[in-house]
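Whatever this is, show me its structure:
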Amino acid sequence: MRLLTNADVASVLSMAEGIKALRTGYADLARGDAAYVPRIDLYAPTGRDDDYYQWGSMAGACRSYGVVAVRIKSDVTSWPDGRTSEKYCIEPGTYSGIILLYSITNGEPLALLQDGYLQHVRVGAAAGIGVDLMARKDADTLGLIGSGGMARTYLEAIAAVRPLAGVRIYSTTTANRERFAAAAREELGLNAQSVGSAQEAVEGASIVATATDAMKATFDPAWLSPGTHVTCVTRRELSHELVARADRVLQLGINTVPYGSPVPDMEWKAGGIASYVSGQPDERARIPSSKGAETGVFPTLADVHRGQAQARACDEDITLFVTTGTQGLQFAAVGGRVWQLAQERDLGHPFPTEWFLQDIRD
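Reported below is the predicted structural model:
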């Protein structure tokens, strides 16, 4: 068994490799050779009155890479202004997210991966696949809302599938968006500029990407031009009005147990994620509910692969790709490819597989 750190993962996982791995995983899914367990969260009160403990888990199997992946994360989460979420593990600035890889051939535990770098690449790569599938072939201007890590991989992935002539970037903190635009110019060679409003970023763009931690919709769909393609990081960023305006909507797959499913004691909390919550009523009340978040179910990427759905009918269509769902499959596909590349280069910190085996049947 090997521990692969973020540095190990980053040394082998390019955006091109991430996109390639996801294409492999979704081809498996379309023909029945992949499966995934959607995300479910667990909440427990910390004993403080301004945050909550949040546990998240998801899993997936990818036959082409011969692995099952289980991704788990442990956060203390707060919603300081009701518009964004903040999180940490132990103390601000540190986080705990890991991916466990197992062989589907004999059940062997193969690797434990830090999930940070892979997480960003797999989300950006998925958005890139959606842009390649749904955006007009001549789409060359991007309006990007957000200036964090996810915005960076969204930009990198979209630039990998469309030759971008211009990028307009907006986020709520001027210094952050200006620094982000400078990095896009210097590191990616893009014609990127910081703008002063979401409207300025969106209007006239042929591709719009919203990559934020916002708890509500990030732009007015009235700003969109005919033919624009839209993508997102979370469903919280989408308004019902945007979904209604879109001519074609696709989603990666099921993000969580669908809202309202008759599962005893299940609730739908922040971001519409199916959750089990412990704590007293006054404590539970501080966790945002899914009210107002977009929760519709749409045709999937696999449906397009099977010929059961269409991505775009004409150049005037406004298209929307809901870049959520199938997370467990994504971790299996991208994690499986990282494992292959890490073996080729003998990367990682080995430790005894016996530590993860026992002679007592569970």
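
Going by C-alpha atoms from here, please, whenever you check contacts or count neighbours.
OK.

Tell me which residue is most central in this structure.
By C-alpha atoms, centre = their mean, the chain has its centre lying nearest to Val123, at 3.8 Å.

What are the contacting residues of the strand or helix carrying that one?
Assigned by DSSP states H and E, Val123 belongs to helix 116-134. Residues outside helix 116-134 that contact it (C-alpha atoms under 8 Å, 6 or more residues apart in numbering): 6, 9-10, 13-15, 18-19, 22-23, 97, 149-150, 153-158, 160-162, 207, 229, 231-233, 311-312, 319-321, 323, 330-331, 334-335.

try it again with 7 Å
For helix 116-134, contacts defined as C-alpha atoms under 7 Å, 6 or more residues apart in numbering pick out 6, 9-10, 15, 18-19, 97, 149-150, 153-154, 157-158, 161, 229, 231, 311-312, 319, 321, 323, 330, 334.

ok, now which ones touch Tyr154?
Neighbour list for Tyr154: 124, 127 [criterion: C-alpha under 7 Å, 6+ apart].

So it: helix, strand or coil?
helix (DSSP: H, G, I helix; E, B strand; the rest coil).

Gly32: neighbour count?
For Gly32, the tally of surrounding residues (other C-alpha atoms under 10 Å) stands at 12.

if I've got this straight, it is in a strand?
No - the assignment for Gly32 by three-state DSSP gives coil, which leaves it out of any strand.

if I look at it, how far off is Gly328?
Distance, Gly32 to Gly328, by C-alpha to C-alpha, to the nearest Å: 15 Å.

quick check, Glu344 in a helix?
Yes - membership of Glu344 in a helix is supported by three-state DSSP.

how close does it get to Ala44?
Using C-alpha to C-alpha, we find Glu344 at a distance of 42 Å from Ala44.

Just want to know which of the two has more residues nearby.
Applying other C-alpha under 10 Å to Glu344 and Ala44 shows that Ala44 carries more neighbours, namely 18 against 9.

Run through the helices of this protein in chain order.
Secondary structure of the chain (DSSP state H): helices at 6-12, 15-30, 116-134, 149-161, 174-188, 198-202, 240-245, 281-284, 301-305, 327-345.

want to throw the ones you listed into CSV with mean pLDDT and distance to Tyr52?
Shown next, in CSV, are the helices of the chain (pLDDT from 0 to 100; distance: least, C-alpha to C-alpha, whole Å):
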stretch, mean pLDDT, distance to Tyr52
helix 6-12, 98, 27
helix 15-30, 96, 33
helix 116-134, 96, 21
helix 149-161, 96, 24
helix 174-188, 96, 28
helix 198-202, 97, 31
helix 240-245, 91, 28
helix 281-284, 94, 8
helix 301-305, 90, 34
helix 327-345, 97, 23
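
Would you mind putting the ones you listed into JSON lines with distance to Ala61 alongside?
Formatted as JSON lines, these follow (distance: least, C-alpha to C-alpha, whole Å):
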{"stretch": "helix 6-12", "distance to Ala61": "20"}
{"stretch": "helix 15-30", "distance to Ala61": "9"}
{"stretch": "helix 116-134", "distance to Ala61": "15"}
{"stretch": "helix 149-161", "distance to Ala61": "24"}
{"stretch": "helix 174-188", "distance to Ala61": "33"}
{"stretch": "helix 198-202", "distance to Ala61": "37"}
{"stretch": "helix 240-245", "distance to Ala61": "30"}
{"stretch": "helix 281-284", "distance to Ala61": "34"}
{"stretch": "helix 301-305", "distance to Ala61": "15"}
{"stretch": "helix 327-345", "distance to Ala61": "6"}
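
and of these, who's closest to Thr353?
Comparing these against Thr353 with C-alpha to C-alpha, the closest turns out to be helix 327-345 (15.5 Å).

Quick one: residues in contact with that closest one.
With contact meaning C-alpha under 7 Å, 6+ apart, helix 327-345 is reached by 9, 12-13, 18, 21-22, 25, 35-38, 58-62, 65, 67-70, 122.

And for stretch 229-237?
Contacts for stretch 229-237 (C-alpha under 7 Å, 6+ apart): 127, 134-135, 206-212, 214-218, 271, 293-294, 318-324.

same check, this time on stretch 265-272
235-236, 259, 274-276, 287-290, 293.

what's the average pLDDT for that stretch?
Average pLDDT, stretch 265-272: 87.

And that stretch, what's buried?
Under the neighbour-count criterion of 16 or more other C-alpha atoms under 10 Å, stretch 265-272 has 266-272 buried.

again with stretch 167-175
167-171.

just the residues you listed now: which is nearest Cys89?
Using C-alpha to C-alpha, Ser171 is the member of the buried residues of stretch 167-175 that sits closest to Cys89, with 25.4 Å.

Does the closest one touch Ile145 like I think?
Yes - contact criterion C-alpha atoms under 7 Å: Ser171 and Ile145 qualify, at 5.7 Å.

Next one: the nearest residue to Arg71 once chain neighbours are set aside from Asn106, what distance?
Spatial nearest neighbour of Arg71, excluding adjacent residues (C-alpha to C-alpha, 6 or more residues apart in numbering): Ile99 at 4.3 Å. In this view, Ile99 and Asn106 are 19 Å apart by C-alpha to C-alpha.

Comparing the two, which shows the higher neighbour count?
Neighbours per residue, other C-alpha under 10 Å: of Ile99 and Asn106, the larger number sits with Ile99, 28 against 7.
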